[in-house]
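A.B. asks: Turn this into a structure:
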Amino acid sequence: MWWSVAIPGFILGCMSSLHCVGMCGPLVLALPVQTLRGGRKIAGVLLYNGGRIASYSMLGVIAAFTGRQLFVPQWQHWLAIIAGTVILAVVVLQRMHGFAVRIPGVSRFYSAVYGVIGRNLQRRALSTLFVTGMANGLLPCGLVWIALTAAFTAGSFAGGVLFMVCYGLGTVPLMAALAFFGLTASLSLRNAFKKITPVLAVMAGVLLLLRGFNVSIPFISYWLPAHNSTIDCRPLN
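C.D. replies: Residues are numbered from 1 along each chain as shown. Below is the predicted model of the structure:
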């Protein structure tokens with residue numbers, strides 16, 4: 001069922017938006033929507049968040065397509081186990097040694113993304129907000145990577161893309177309120193929001209392991225049919 005993918009994606013997005021306030025709050029407050037009024041302000045907030053969702057959707061297409069190519073019944077549970085193990089290992093290493101994943105060449109890409117955001121903020125034009133939102137959606141974020149891991153292991157192309165779209169929609173309410181009303185949070189509160197990342201990472205890692213080990217939980221295990229599925233029973237010869 002589509003909602004078995006959409007609802008978890010939306011919930012993860014809602015929870016992730018607390019982290020977004022801590023990490024992207026200063027960027028959102030710097031958007032030119034703060035100087036706009038009425039319909040133009042609403043349009044600006046929608047354009048910015050629409051750009052973020054567009055980026056999440058494109059990343060979801062890539063993750064879901066890649067995962068679908070590897071969707072072989074004998075492999076899929078191993079992919080979930082490996083992904084869950086890697087997520088948990090990274091969380092533990094970060095807590096113990098300040099471990100950080102560095103991929104050669106990626107820093108140049110992120111520098112270009114930051115450059116796009118900086119130039120658009122200087123222009124302070126309504127027309128730049130969609131592109132700014134898209135660039136914001138491409139910035140490095142552990143929770144987005146967790147969502148992409150879920151999309152990668154969704155088992156279907158449509159399911160993976162839908163998960164990321166709903167993830168983006170889940171981040172909209174709090175981020176839109178931040179942009180529209182200019183809500184601010186204290187440094188201590190932003191730091192508290194940032195701490196939600198390892199908690200959600202552990203939850204995602206455990207869920208992926210549960211999927212991989214097929215523990216017979218509806219909509220988590222790969223091979224367990226939903227409650228309304230038809231099971232064909234035939235007599236043994």
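A.B. asks: Low-confidence stretches in this protein?
C.D. replies: Where the chain drops to pLDDT under 70, the residues are 1-2, 71-76, 94, 97-105, 182-194, 215-237.
A.B. asks: Can you show me the helices along it?
C.D. replies: Using DSSP state H, the helices of the chain run over 3-29, 38-69, 73-97, 106-123, 129-137, 142-152, 157-181, 187-194, 196-213.
A.B. asks: Need the ones you listed in a markdown table (columns: mean neighbour count).
C.D. replies: C-beta here means a position set from N, CA and C on the backbone, and glycine is covered the same way. Converted to a markdown table, those look like this (neighbours: other C-beta atoms under 10 Å):
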| stretch | mean neighbour count |
| --- | --- |
| helix 3-29 | 19 |
| helix 38-69 | 19 |
| helix 73-97 | 15 |
| helix 106-123 | 13 |
| helix 129-137 | 23 |
| helix 142-152 | 23 |
| helix 157-181 | 22 |
| helix 187-194 | 13 |
| helix 196-213 | 18 |
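A.B. asks: centroid residue for this protein?
C.D. replies: residue 144 (3.2 Å; C-alpha atoms, centre = their mean).
A.B. asks: State the distance from that one to residue 118.
C.D. replies: Using C-beta to C-beta, to the nearest Å, residue 144 is found at 21 Å from residue 118.
A.B. asks: contacting residues around residue 13?
C.D. replies: Residue 13 is in contact with 147, 166-172, counting by C-beta atoms under 8 Å, 6 or more residues apart in numbering.
A.B. asks: same thing but 6 Å
C.D. replies: 167, 170-171 (C-beta atoms under 6 Å, 6 or more residues apart in numbering).
A.B. asks: got a markdown table for those residues, with distance to residue 7 too?
C.D. replies: Compiled in a markdown table, the contacts of residue 13 are given as follows (distance: C-beta to C-beta, whole Å):
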| residue | distance to residue 7 |
| --- | --- |
| 167 | 11 |
| 170 | 10 |
| 171 | 15 |
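A.B. asks: Name the nearest of the residues you listed relative to residue 21.
C.D. replies: If you rank those by distance to residue 21 using C-beta to C-beta, residue 171 comes first, at 9.9 Å.
A.B. asks: Surely that closest one is in contact with residue 18?
C.D. replies: No. Using C-beta atoms under 6 Å, residue 171 makes no contact with residue 18, being 9.6 Å away.
A.B. asks: could you measure residue 206 against residue 213, distance?
C.D. replies: Distance of residue 206 to residue 213, computed by C-beta to C-beta: 11 Å.
A.B. asks: now residue 134
C.D. replies: Between residue 134 and residue 213 the computed distance is 37 Å (C-beta to C-beta).
A.B. asks: Identify the residues contacting the nearest residue to residue 78 once chain neighbours are set aside.
C.D. replies: Of all residues not flanking residue 78 in the chain, residue 212 sits nearest, at 6.8 Å (C-beta to C-beta, 6 or more residues apart in numbering). Counting by C-beta under 6 Å, 6+ apart, residue 212 touches 77, 80-81.
A.B. asks: try residue 5
C.D. replies: By C-beta under 6 Å, 6+ apart, the contact set of residue 5 is 159, 162-163.
A.B. asks: same thing with residue 154?
C.D. replies: Here residue 154 is in contact with 160, 163 (C-beta under 6 Å, 6+ apart).
A.B. asks: Phi and psi next, for it.
C.D. replies: Dihedral pair for residue 154: phi -70, psi -30, per degrees, to the nearest 10.
A.B. asks: I'd like the distance between it and residue 84.
C.D. replies: 14 Å.
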